[in-house]
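Q: A predicted structure for the sequence below; I have some questions about it.
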Number of protein chains: 2
Amino acid sequence: MSGQEFDPASITVLAFDIFGTTVDWYTGVARQAAEIFTELGLGLDGGAFVGEWRDRYLPSMARVQNHERDWAYLDTLHRESLDDLLRQHGVAEAVDEAARARLVRAWHRLPAWDDSVAGLTRLAGRYVVAALSNGGFALLTHLAKDAKLPFDCILSAELARTYKPDAQVYRTAAGLLDVAPEQVLMVAAHKWDLDGAAAAGLRTAFVERPREKGPDRVADRATDVAADISVTSFPALADALGVP
Amino acid sequence: MSGQEFDPASITVLAFDIFGTTVDWYTGVARQAAEIFTELGLGLDGGAFVGEWRDRYLPSMARVQNHERDWAYLDTLHRESLDDLLRQHGVAEAVDEAARARLVRAWHRLPAWDDSVAGLTRLAGRYVVAALSNGGFALLTHLAKDAKLPFDCILSAELARTYKPDAQVYRTAAGLLDVAPEQVLMVAAHKWDLDGAAAAGLRTAFVERPREKGPDRVADRATDVAADISVTSFPALADALGVP
């Protein structure tokens, strides 16, 4: 991807994407949404709904990144696309303010993939391990605490007041940790994120998470992504980096 | 201090000062400085030296806070006051670049007080526990990792590009964690820090650390500090807040 030989010894920081890479947003939000819809007596399918909600994720952030609108928190973007989606499904009247707040908050509490904690624990033995997500600082702090993810620090696109894949997000992260971009390995399950990281001078590790978008949608596959390292779990990343 | 009754149930975030409150900077830096001075064949006393170095800490930050100079990292301020101090002791020639870098870096690796990890672990069971120090983001990340301090996130004055006791530092911390200032309890061993936190609308807990400045200097004492809570250790803070 970068055209330069990859040397694990040049890396000091591992920056982990969160939604889909470290935690299973599909299962987590679908379950919480289904619970809320059932309480409200609505026949909406939680899984299908969260898929449509997530479809609005990148476009909503792109408008901030392209300066079409001022900085807005991910919670705000989630809320706007939720309101839009509920209108589209003709259930705007049936979902009150409290339920909408709970739905937005569902993204703050998500289950880690089975291998995430074990892999992060191993990797933290050698590297600084940081969360680096488009989720807000508070959201990521809540999420990491709840899922017991052993990050050394929380970094967020919020600290750069723009969104990945804007180079500024990756460079702000490297700057705060006082390292050069090429000393950071961005770990993600998404091609667009790794392409952005590489363009900002970071090194890249792809983690294939085939169930990321639920049973009915296709996630990014290793064959489609050019990265310095390509693995299928966090422990496999530790193996690839030679971390015991 | 704030004039309002203190209710532990109103608190969601505990923000911990680091140098002197959570870690023993005096012992840590004195030991590393003594080692370096011995290697260089210098007769300087590590403990006395670090005391003089620390005396330059607040004045150097006040110049940033008062806009007498642009934002500068704590490492930069430490380095400038170190250079000044070495000149003053007539040993500028004897301490080379590598030794100076090691001395500045000594502040990145400091021993926790004996009760810090146990207290933080208990408190993290109920609250979001954050580091909130004038140390840089990278410094605090290294320090917390090395001392195994179980913080949920690292916050730093660097994120506000000014220094405590500037209200902006405390408010930036509350804003990033998406809480009101009065939902944050600032925990510190220094009157100036708690006064700044209270002025910014935070609640305050004083932790008396009588050995903070080493054997020859007097640290802030409970009798001199007005705070919502006053304790002598982190486990005592957990007791005071009713955290099991």
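A: Alright, I've got the coordinates.

Q: where's residue A:219 relative to residue B:233, distance?
A: Look at residue A:219 and residue B:233: by CB to CB, to the nearest Å, they are 49 Å apart. For every residue, glycine as well, the C-beta is placed using N, CA and C.

Q: break chain A down into its structural domains.
A: The record's domain split for chain A, according to automatic domain parsing, is A:8-24+A:111-241, A:26-108.

Q: most neighbours per residue, which of those?
A: Highest mean neighbour count among the domains of chain A (mean count of other CB atoms under 10 Å in any protein chain shown): domain A:8-24+A:111-241, with a mean of 21.

Q: anything in stretch A:232-244 near chain B?
A: No: applying CB under 8 Å from any CB of the partner chain, one finds stretch A:232-244 separated from chain B by no less than 15.2 Å.

Q: let me see the mean pLDDT of that stretch.
A: For stretch A:232-244, the mean pLDDT works out to 97.

Q: what does stretch A:5-21 give?
A: 95.

Q: can you give me the distance of the closest residue to residue A:128 other than its chain neighbours to residue A:52?
A: Setting aside the residues directly before and after it, residue A:128 is nearest to residue A:13 in space (CB to CB, 6 or more residues apart in numbering or on different chains), at 4.6 Å. To residue A:52, residue A:13 is 35 Å away according to CB to CB.

Q: quick one: contacts of the helix or strand containing residue A:52?
A: Secondary structure from DSSP states H and E places residue A:52 in helix A:46-55. Helix A:46-55 is touched from outside by A:25-26, A:29-35, A:37, A:78, A:81-82, A:85, A:89, A:213-217, with contacts defined as CB atoms under 8 Å, 6 or more residues apart in numbering or on different chains.

Q: helix, strand, or coil at the nearest residue to residue A:121 once chain neighbours are set aside?
A: Distance criterion CB to CB, 6+ apart; nearest residue to residue A:121, sequence neighbours excluded, is residue A:150 at 5.5 Å. Following DSSP: H, G, I helix; E, B strand; the rest coil, residue A:150 is assigned to coil.

Q: low-confidence regions, chain A specifically.
A: Regions of chain A meeting the criterion pLDDT under 70 cover residues A:1-3.

Q: for the domains of chain A, could you give me a markdown table that also reports distance to residue B:186?
A: Formatted as a markdown table, the domains of chain A follow (distance: least, CB to CB, whole Å):
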| stretch | distance to residue B:186 |
| --- | --- |
| domain A:8-24+A:111-241 | 17 |
| domain A:26-108 | 24 |
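
Q: sheet partners, orientation included, of the one helix or strand residue A:154 maps to?
A: Using DSSP H and E, the element containing residue A:154 is strand A:153-156. Using DSSP bridges, the strands paired with strand A:153-156 are strand A:128-133 (parallel).

Q: just checking, next helix/strand downstream of the strand it pairs with?
A: helix A:137-146.

Q: packing partners for that next one?
A: Here helix A:137-146 touches strand A:128-133, strand A:153-156, strand B:128-133, strand B:153-156, going by 3 or more CB pairs under 8 Å, 6 or more residues apart in numbering or on different chains; DSSP states H and E.

Q: out of those, which is closest to residue B:122?
A: With CB to CB as the measure, strand B:128-133 is the member of these nearest residue B:122 (9.8 Å).

Q: residues contacting the residue nearest to residue A:121?
A: Counting by CB under 8 Å, 6+ apart, residue A:150 has contacts A:117, A:120-121, A:124, A:129.

Q: how about 10 Å then?
A: Going by CB atoms under 10 Å, 6 or more residues apart in numbering or on different chains, residue A:150 touches A:116-118, A:120-124, A:129, A:144, B:150.

Q: can you check residue A:44 too?
A: A:33-34, A:36-38, A:85-86, A:89, A:91, A:94-95.

Q: which two in those are spaced the farthest apart?
A: For the contacts of residue A:44, and using CB to CB, no pair is farther apart than A:38 and A:85, which are 17.7 Å apart.

Q: for the closest residue to residue A:17 other than its chain neighbours, list the residues it contacts.
A: Computed as CB to CB, 6+ apart, the closest residue to residue A:17 that is not its neighbour in sequence is residue A:188, at 3.7 Å. Residue A:188 makes contacts with A:15-22, A:132-133, A:164, A:194-197, A:204-207, A:209, A:220, A:225, A:227, as judged by CB under 10 Å, 6+ apart.

Q: point out the ones among these that are inside strands.
A: Of the contacts of residue A:188, the ones assigned to strands by DSSP state E are A:15-16, A:132-133, A:204-207.

Q: turn the residues you listed into CSV, columns for distance to residue A:59.
A: Listed next are these as CSV, based on distance: CB to CB, whole Å:
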residue, distance to residue A:59
A:15, 24
A:16, 24
A:132, 21
A:133, 18
A:204, 24
A:205, 26
A:206, 23
A:207, 24
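
Q: and which of those is nearest to residue A:104?
A: Of the ones in strands among the contacts of residue A:188, the one sitting nearest to residue A:104 (CB to CB) turns out to be residue A:133, at 15.9 Å.

Q: could you check how far residue A:189 is from residue A:133?
A: Taken as CB to CB, the span from residue A:189 to residue A:133 is 12 Å.

Q: which residues are in contact with each of these two?
A: With CB under 10 Å, 6+ apart, residue A:189 and residue A:133 have common neighbours A:17, A:19-22.

Q: turn those into a markdown table, including distance to residue A:158.
A: Output for these, formatted as a markdown table (distance: CB to CB, whole Å):
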| residue | distance to residue A:158 |
| --- | --- |
| A:17 | 15 |
| A:19 | 14 |
| A:20 | 19 |
| A:21 | 18 |
| A:22 | 17 |
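
Q: can you give me the helices for chain A?
A: A:25-39, A:46-55, A:57-65, A:74-88, A:97-105, A:116-124, A:137-146, A:167-176, A:191-199, A:234-241 (DSSP state H).

Q: and the direction of the last one versus that of helix A:116-124, what angle?
A: By that I understand helix A:234-241. Angle, helix A:234-241 to helix A:116-124, by axes from the mean of the first three to the mean of the last three CA atoms, to 10 degrees: 20 degrees.

Q: next one: the third one
A: Here the directions of helix A:57-65 and helix A:116-124 differ by 50 degrees (the same axes, to 10 degrees).
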